[in-house]
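K.L.:
my questions concern the predicted model and sequence given below.
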Amino acid sequence: MGCSSCSTGKDGQPRGCKNNGTCGTDGCNKLTVFDWLSNMSLPNGERPFDCIEVRFKNSRKEFFRNTENLSLSIGDIVATQASSGHDIGMVTLTGELVKVQMKRKKVDFNDQELPKAYRKASQKDIDMWQKCRDREDEIKKRAREIAIILKLQMKISDVEFQGDGSKATFYYTAEERVDFRQLIKDMAKAFGIRIEMRQIGYRQEAQRLGGIGSCGRELCCSTWLTDFRSVSTSAARYQQLSLNPQKLAGQCGKLKCCLNYELDVYLDALKDFPAQDTKLFTEKGLAFCQKTDIFKATLWFSYKEDPSNWHVLSADQVKEILEKNKKKEKVASLEEYAVENLVEIEERVVFENVVGQDSLTRFDKPKRSKNSRNRNKKRRNNNQNRTQSNKNNSNNHKNKNQGKQQHNSKNTNRSKRRPKNA
């Protein structure tokens, strides 16, 4: 989803809004909210809700009261009340949906102490705001250098200027408590502004910075996810995923939030399955469950005496054996049920490659150049000529030998015909 300025430029290169998710059309923003009540008119006698939702840098959103009854719409730049001075942000939601968002985030919309939206931002306000935004990267780099000199165990991940440029908020992450009093003094002296330090978690850091996940899409936390629920390794166990921390961890270093997305479906499917610690009593011996396949509804069991030999059983077959075990009846063996499963698998349709697709390894062999082909052709021709000449020489040699043999045989015959007296 991109804004209208993200089209292709004249030279074929992507033009882009170059605002890093803060374009005025609200098309490529982080945590964008769709106002599905925008085309509906209010009933007679109803006044529009007097609060608006304003988004600042990255994912920071706050609610303000529109006391001046400004006609605002999504994408407008407004000047809002701050603790000291004023701040510049962009309107992301207006109308009755703001009340829903305030209830969801547990903000009292009847509170008269809510900060106010002063006015629509003038061009002077916007120029000052953009000038402050341009300084953020340089100041963040300098602040990191000062923290390294002071040997503080912290990471400054982001800097956000107030709209009027009087204050800068530094977001940092740290494992332990950090004494940054000297850091604030040095930065205030170096930058000439008021400094505020705010510690955030690693997930909040990934939300603010954004990025591309291992799935190839933008991070959920920076695009649409607003709440961070706890993710445990049991979510991976229920989904039968390998407990590899490198694959299960996201860019924040914590377990991926998407592990919770399909967890409820897996838990519902596992309700119809026998427990993982199920034991089957057979005449051949006691069998334990080794593996479960939710999609194929199959389980693998092995005998206690032979744990390396697994037998495939369906969930219904396991339930049938368990019913018999409850009645203190033992089945003969697991092989009887396993053979039935094998027959069913063999009867399934095997899909072959009838389209005539090429092999996946067809590009593995390097292509030979034309020069090498010509050389090989010359070699083949030379070899063929040599073999042909060798054959001709051998034939000529045979003919000569045959001629000599015939000549010698004639001479012997003549000598035999001569009389002895001669």
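P.N.:
Received the coordinates, thanks.
K.L.:
Leu97 and Ser38 touch, don't they?
P.N.:
No. Using CB atoms under 8 Å, Leu97 is not in contact with Ser38; the gap is 9.0 Å. No exception for glycine: its C-beta is placed from N, CA and C like everyone else's.
K.L.:
between these two, tell me which one has more neighbours.
P.N.:
Leu97 (17 against 12; other CB atoms under 10 Å).
K.L.:
pLDDT value on Asn44, please?
P.N.:
For Asn44, the pLDDT comes out at 79.
K.L.:
what does it show for phi and psi?
P.N.:
phi -60, psi 130 (degrees, to the nearest 10).
K.L.:
for it, grab the count of nearby residues.
P.N.:
5.
K.L.:
what do you get for Val331?
P.N.:
Val331, neighbours per other CB under 10 Å, totals 18.
K.L.:
swap in Ile294?
P.N.:
Neighbours of Ile294 using other CB under 10 Å come to 16.
K.L.:
can you pull out the strands in the protein?
P.N.:
Counting by DSSP state E, one finds strands in the chain at the ranges 51-55, 61-65, 77-81, 86-93, 117-120, 155-161, 167-173, 194-199, 279-281, 286-293, 298-303, 310-314.
K.L.:
ok, the last one: who's next to it in the sheet?
P.N.:
Same thing as strand 310-314. Paired strands of strand 310-314, with direction, are strand 298-303 (antiparallel) (DSSP bridges).
K.L.:
make CSV out of the strands of the chain and add distance to Lys106.
P.N.:
Below are these laid out as CSV (distance: least, CB to CB, whole Å):
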stretch, distance to Lys106
strand 51-55, 14
strand 61-65, 11
strand 77-81, 21
strand 86-93, 17
strand 117-120, 21
strand 155-161, 24
strand 167-173, 23
strand 194-199, 20
strand 279-281, 49
strand 286-293, 41
strand 298-303, 45
strand 310-314, 49
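K.L.:
so which of these gets nearest Cys252?
P.N.:
Cys252 lies closest to strand 167-173 among the strands of the chain, at 9.5 Å (CB to CB).
K.L.:
what does that closest one contact?
P.N.:
Here strand 167-173 makes contact (CB atoms under 8 Å, 6 or more residues apart in numbering) with 82, 84-85, 136, 139-140, 143, 154-162, 178, 187, 191, 193-202, 204-205, 208.
K.L.:
rerun at 7 Å
P.N.:
139, 143, 154-161, 191, 193-200, 202, 205, 208 (CB atoms under 7 Å, 6 or more residues apart in numbering).
K.L.:
ditto for stretch 232-252
P.N.:
Counting by CB under 7 Å, 6+ apart, 202-203, 205-206, 211, 213, 219, 255-256, 259-260, 262-263, 266-267, 270 sit against stretch 232-252.
K.L.:
tabulate the strands of the chain (CSV), appending distance to Ala235 and mean neighbour count.
P.N.:
Listed next are these as CSV, based on distance: least, CB to CB, whole Å; neighbours: other CB atoms under 10 Å:
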stretch, distance to Ala235, mean neighbour count
strand 51-55, 31, 23
strand 61-65, 28, 19
strand 77-81, 40, 20
strand 86-93, 32, 22
strand 117-120, 42, 18
strand 155-161, 27, 20
strand 167-173, 24, 21
strand 194-199, 27, 15
strand 279-281, 26, 18
strand 286-293, 16, 16
strand 298-303, 21, 19
strand 310-314, 26, 19
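K.L.:
and Ala147, which of those strands is closest to it?
P.N.:
Ala147 sits nearest to strand 155-161 of all the strands of the chain, at 6.2 Å, using CB to CB.
K.L.:
what pairs with that closest one, and is each one parallel or antiparallel?
P.N.:
Using DSSP bridges, the strands paired with strand 155-161 are strand 167-173 (antiparallel).
K.L.:
average pLDDT across the strand it pairs with?
P.N.:
Mean predicted lDDT for strand 167-173 stands at 93.
K.L.:
cool, and stretch 335-355?
P.N.:
Rounded mean pLDDT across stretch 335-355 is 57.
K.L.:
do stretch 59-76 as well
P.N.:
pLDDT averaged over stretch 59-76 gives 89.
K.L.:
so which bits of that stretch are buried?
P.N.:
Ser59, Lys61, Glu62, Phe63, Phe64, Arg65, Asn66, Leu72, Ile74, Asp76 (16 or more other CB atoms under 10 Å).
K.L.:
same check on stretch 254-264?
P.N.:
So for stretch 254-264, counting by 16+ other CB under 10 Å, buried means Lys254, Leu255, Lys256, Cys257, Cys258, Leu259, Leu263.
K.L.:
tell me how far the ends of that stretch are from each other?
P.N.:
The straight-line separation of the ends of stretch 254-264 (CA to CA, to the nearest Å) is 20 Å.
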